[in-house]
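Trainee: Here is my input; please provide its structure:
(chains A and B)
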Amino acid sequence: MSAIVEAKRLTKTYGSFTAVNNVSFTIEPDKIYGLLGRNGAGKTTIMHLITAQLFASSGELLVFGQEPYENERVLRQTCFIKESQKYPDTFRVTDVLGTAAMMFPNWDEGFAKRLLTDFNLPLKRRMKKLSRGMLSSVGIIIGLASRAPLTIFDEPYLGLDAVARNIFYERLMEDYAEFPRTVILSTHLIDEVSKLLEHVIVIDGGQILLDEEADSLRGRAYTVTGPSAKIDAYAAGKPVIHQEALGGSRAVTVFERLGATDQKQAEALGLQFSPVTIQQLIVCLTTRSSEQKGAYL
Amino acid sequence: MGNQIDDSRPIFVQIAERIEDDILEGGLPEESQVPSTNQFASFYGINPATAAKGVNLLVDQEILYKKRGIGMFVSSGAKVKLMEKRKEQFVEQYVVTMMREAEKLGITSEQLTDMIRERGNRA
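Mentor: Residues are numbered from 1 along each chain as shown, chains lettered A, B, ... in the order given. Modelled structure (predicted):
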């Protein structure tokens, strides 16, 4: 099957500010992507470009093989759940779901009903009377029950408690297993979602910092701790992305897979290893890159 | 969700290890059916594609085999094969680590042998 989204040298500028800078990437069918990065990195701009809510300044963008702008065929297959979706003042929950049912060809009414129960949502309540968390659950229900071939969640769970977030993750995985589709999930809660992701794209300063399979990021870096002098000897010439000192000891995070030779050397020096999670890796890389841009990437 | 999946090592490797452990401990006897990719995914709260990769790793090593249209099964001879593989790792993973720690604590290899023998007698 061909790509769901194909971006080539995509750029978006606002006056003198470049939000997305010459970015190329491919979103493949039926995978769950994590679009990660700090606030202001350009994630939301990219999602707005894909969903034709913004025009690119330059570059090419194809969604389902076509240009997305005012393209009914593309937009009907795409469901975009935004952090701060606005609804008409008079709408009740039931009106919003009714509208969604008309918009999305794959809408599953039964699934939507089950989700309403899961999230304890009052069907008759007016949207403007809902709490922040309840508003988020309405978005999540639409995103899941629409079963759109391309579903994009942009930080979908503002105000949602841990239990409700867990329900979201579980329902997403169950339904995805039964009805595979392409999902882009943008979030800051990396530790919570990383196990769900097949592929990770990290945006930093409008550019792509990482574009890799999630599993290949696990074990891509390690932290080694020990007496400062020994650590300095060990880390010399290695791609160090983070370091911390405590008294006479020091911990450095090295951005490479731990090879057998290095491991033997470090063990001979009596150094301790600890693994680095995807969240820790991304935090290290995006903290550092503001000072020293992508030196090891 | 979670079930002790560790986010700092490739998940597909961890899934393969869990299946290996089940085979070694007898939870998955030879010629029995292995849970489906989706069952693994929902149990561990992971992506089904990642679970499938773990299962396929063991298919490549002929620990598991596929019955078309039915699912994955444990090969006969899988347990012996895994025991051989794990024994090779045992020295590196446990013995070397133990000896290093013993050295740090000033425990001689003679004392170490005594400790092991003592535990063995008690067990």
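Trainee: For burial, what's the neighbour tally of the residue nearest to residue A:188 when sequence neighbours are not counted?
Mentor: Using CB to CB, 6 or more residues apart in numbering or on different chains and skipping the chain neighbours, the partner closest in space to residue A:188 is residue A:155 (7.0 Å). From N, CA and C alone the C-beta is placed, and that goes for glycine too. When neighbours are defined as other CB atoms under 10 Å in any protein chain shown, residue A:155 has 18 of them.
Trainee: Any figure for the gap between residue A:155 and residue A:184?
Mentor: Computed as CB to CB, to the nearest Å, the residue A:155 to residue A:184 distance reads 12 Å.
Trainee: Domain map for chain B?
Mentor: B:11-76, B:79-121 (the TED database).
Trainee: and those domains, which one's lowest on average pLDDT?
Mentor: Out of these, domain B:79-121 stands lowest, with a mean of 89 (criterion: mean pLDDT).
Trainee: any residues in contact with both of residue A:155 and residue A:184?
Mentor: The overlap between the contact sets of residue A:155 and residue A:184 (CB atoms under 8 Å, 6 or more residues apart in numbering or on different chains) is empty.
Trainee: contacting residues around the residue in the stretch 151-297 of chain A positioned nearest to chain B?
Mentor: Residue nearest to chain B within the stretch 151-297 of chain A (CB to the nearest CB): residue A:275, separated by 3.2 Å. Residues near residue A:275 by CB under 8 Å, 6+ apart: A:219, A:222, A:223, B:6, B:8, B:9.
Trainee: now those as TSV including neighbour count?
Mentor: Converted to TSV, the contacts of residue A:275 look like this (neighbours: other CB atoms under 10 Å in any protein chain shown):
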residue	neighbour count
A:219	17
A:222	21
A:223	20
B:6	14
B:8	19
B:9	15
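Trainee: Please produce TSV containing those, extended by distance to residue A:177.
Mentor: Shown next, in TSV, are those (distance: CB to CB, whole Å):
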residue	distance to residue A:177
A:219	26
A:222	32
A:223	34
B:6	22
B:8	25
B:9	23
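Trainee: between the residues you listed, which is closest to residue B:40?
Mentor: Distance to residue B:40 across the contacts of residue A:275 (CB to CB) is lowest for residue B:6, with 15.6 Å.
Trainee: What separation do you get for the closest one and chain A?
Mentor: From residue B:6 across to chain A, the span is 7 Å (CB to the nearest CB, to the nearest Å).
Trainee: contacting residues around stretch A:129-148?
Mentor: Residues from elsewhere that reach stretch A:129-148 (CB under 8 Å, 6+ apart): A:77-79, A:81-82, A:85, A:93, A:96-97, A:100, A:103-104, A:106-109, A:111-112, A:115-116, A:119, A:121, A:125, A:127, A:151, A:153, A:156-161, A:164, A:168, A:171-172, A:175, A:179, A:181.
Trainee: Please list only the buried members of these.
Mentor: Listed as buried from the contacts of stretch A:129-148 are A:77-79, A:81-82, A:85, A:93, A:96-97, A:100, A:104, A:107-108, A:111-112, A:115-116, A:119, A:121, A:127, A:151, A:153, A:156-157, A:160, A:164, A:168, A:171-172, A:175, A:181; burial here means 16 or more other CB atoms under 10 Å in any protein chain shown.
Trainee: From those, which land in helices?
Mentor: Here DSSP state H is the test, and these give A:93, A:96-97, A:100, A:111-112, A:115-116, A:164, A:168, A:171-172, A:175 as lying in helices.
Trainee: Just send the residues you listed back as TSV, with pLDDT too.
Mentor: Putting those into TSV (pLDDT from 0 to 100) gives the following:
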residue	pLDDT
A:93	95
A:96	96
A:97	96
A:100	95
A:111	97
A:112	97
A:115	97
A:116	96
A:164	95
A:168	96
A:171	95
A:172	95
A:175	95
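Trainee: which residues of chain B fall in helices?
Mentor: Using DSSP H, helices in chain B cover B:11-24, B:37-44, B:48-60, B:78-90, B:96-104, B:109-122.
Trainee: other SSEs contacting the fourth one?
Mentor: Read that as helix B:78-90. helix B:11-24 (3 or more CB pairs under 8 Å, 6 or more residues apart in numbering or on different chains; DSSP states H and E).
Trainee: next one: the shortest one
Mentor: Other elements packing on helix B:37-44 under the criterion 3+ CB pairs under 8 Å, 6+ apart are helix A:162-178, helix B:11-24, helix B:48-60.
Trainee: repeat that for 6 Å
Mentor: Packing contacts for helix B:37-44, counted by 3 or more CB pairs under 6 Å, 6 or more residues apart in numbering or on different chains; DSSP states H and E, involve helix B:48-60.
Trainee: For the helix it packs on, which outside residues touch it?
Mentor: A:177, A:198, B:11-12, B:15-16, B:19, B:37-38, B:40-41, B:64, B:72 (CB atoms under 6 Å, 6 or more residues apart in numbering or on different chains).
Trainee: Out of those residues, flag the one nearest to residue A:211.
Mentor: residue A:198 (12.6 Å).
Trainee: Burial check on that closest one, number of neighbours?
Mentor: If you count neighbours by other CB under 10 Å, residue A:198 ends up with 20.
Trainee: That one contacts residue A:31, doesn't it?
Mentor: Yes - in terms of CB atoms under 6 Å, residue A:198 counts as a neighbour of residue A:31; the distance is 4.6 Å.
Trainee: quick one: contacts for residue A:23?
Mentor: So residue A:23 contacts A:10, A:208 (CB under 6 Å, 6+ apart).
Trainee: any idea which element residue A:44 lies in?
Mentor: Residue A:44 belongs to helix A:43-50 when assigned by DSSP states H and E.
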